[in-house]
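Q: sequence first, then the predicted structure, then my questions.
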Amino acid sequence: QVQLVESGGGLVQAGGSLRLSCAASGRTFSPYAMGWFRQAPGMEREFVSTIIWSSGSTGYADSVKGRFIISRDNAKNTVYLQMNSLEPEDTAAYYCAADTSPPYALRSARSYDYWGQGTQVTVSS
């Protein structure tokens, strides 16, 4: 089993920054990819960003491209999401997830096998 624990959420003013972390533990951790998703009240969970564990290749939703940066530290089994120029529309619960088995549809939540409990990000205007 793999356990994912997010941290780093909080309340920030518009234009501010936050860095989310997601630490993985459990059996030998070697996912194909890690992803960040978010879910606002009454909305579906939406893709934010993904990173391929081995190569570091990344992908972003159009809504966050140029503002958010995903990275990983393989030695620490940790993935990060640096969020800059935050907007009120970024307010949501943010979840990290691990995709460990094919098929790999990295922008789809259904592709991911393990999920963290989520961390709340609130951006005030």
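A: Looks like it came in fine.
Q: need the contact list for the most centrally placed residue in the chain.
A: Geometric centre of the chain, nearest residue: Trp36, 2.0 Å, by Cα atoms, centre = their mean. Residues near Trp36 by Cβ atoms under 8 Å, 6 or more residues apart in numbering: 20, 22, 48-50, 70, 79, 81, 94-97. C-beta: built from backbone N, CA, C; applies to glycine.
Q: try 6 Å this time
A: Residues near Trp36 by Cβ atoms under 6 Å, 6 or more residues apart in numbering: 48-49, 81, 96.
Q: got the residues you listed as JSON lines, with pLDDT columns?
A: Below are these laid out as JSON lines (pLDDT from 0 to 100):
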{"residue": "Val48", "pLDDT": "98"}
{"residue": "Ser49", "pLDDT": "98"}
{"residue": "Leu81", "pLDDT": "98"}
{"residue": "Cys96", "pLDDT": "98"}
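Q: out of those residues, name the ones that lie in helices.
A: Among these, none falls in helices (DSSP state H).
Q: name the nearest of those relative to Phe29.
A: Using Cβ to Cβ, Cys96 is the member of the contacts of Trp36 that lies nearest Phe29, at 12.5 Å.
Q: how close does that closest one sit to Gln13?
A: Taking Cβ to Cβ, to the nearest Å as the measure, Cys96 and Gln13 are separated by 24 Å.
Q: now do Arg19
A: Distance from Arg19 to Gln13, counting by Cβ to Cβ: 16 Å.
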